[in-house]
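**Q** let's see this in three dimensions:
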Amino acid sequence: MSRRTCDQRTIAYVARRTAEGLSTREITRCLKRYIAREVHRAITRPLPLAPRGAVLRDLRIQTGQPLRIVADQFEITTQRLSRIERGLTRDPATQTQIHAWLTAPDTTHIAA
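**A** Sure thing, here's the model as predicted:
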């Protein structure tokens, strides 16, 4: 029910299915099946875990990169990067990108 009011994809889907002539009950049934498939997919094929913040901090220090350079590279604040490294904030996509950037063999990390 909350997806019907908050999720833009679901709102568009409900509008399209309503225009096709489906009843609210039929649309709800379709949405429940879709959510069940989403949950099943998430359980059977989980996303790979993002590198932990402490690993990122160790890599950053090993490559000699200050917080500011790494934060600027990924267009985030130094405070946000610090919170990620300390494990206070999770951002799997950013953590994975930072890890790939710090471990890339062909990238020269120039500390300013």
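**Q** pull the distance from stretch 24-33 to the chain's centre.
**A** 28 Å (CA atoms, centre = their mean, to the nearest Å).
**Q** any idea of the mean pLDDT for it?
**A** Over the span of stretch 24-33, the pLDDT mean works out to 94.
**Q** for the residue of the chain most remote from its centre, what are its contacts?
**A** Most distant residue from the mean C-alpha position of the chain: Gly21, 35.6 Å away (CA atoms, centre = their mean). Not one residue lies near Gly21 by CB atoms under 8 Å, 6 or more residues apart in numbering. The way it works is simple: take the backbone N, C-alpha and C, and place the C-beta from them, glycine included.
**Q** pull the longest helix from the chain.
**A** Secondary structure of the chain per DSSP state H: the longest helix is helix 24-44.
**Q** that older thread, gap between the residue farthest from the centre of the chain and Ser82?
**A** According to CB to CB, to the nearest Å, Gly21 and Ser82 sit 54 Å apart.
**Q** could you find the closest non-adjacent residue to the residue nearest the centre of the chain?
**A** Nearest to the geometric centre of the chain sits Ala93, at 4.4 Å (CA atoms, centre = their mean). Computed as CB to CB, 6 or more residues apart in numbering, the closest residue to Ala93 that is not its neighbour in sequence is Ala50, at 7.6 Å.
**Q** neighbours of the one you found, how many?
**A** When counting by other CB atoms under 10 Å, one arrives at 19 neighbours for Ala50.
**Q** check the secondary structure at it for me.
**A** For Ala50, the assignment made with DSSP: H, G, I helix; E, B strand; the rest coil gives coil.
**Q** which residues touch it?
**A** Arg90, Asp91, Pro92, Ala93, Gln95, Thr96, His99.
**Q** ok, the second one touching Leu81?
**A** No - counting by CB atoms under 8 Å, Leu81 is not a contact partner of Asp91; they are 9.6 Å apart.
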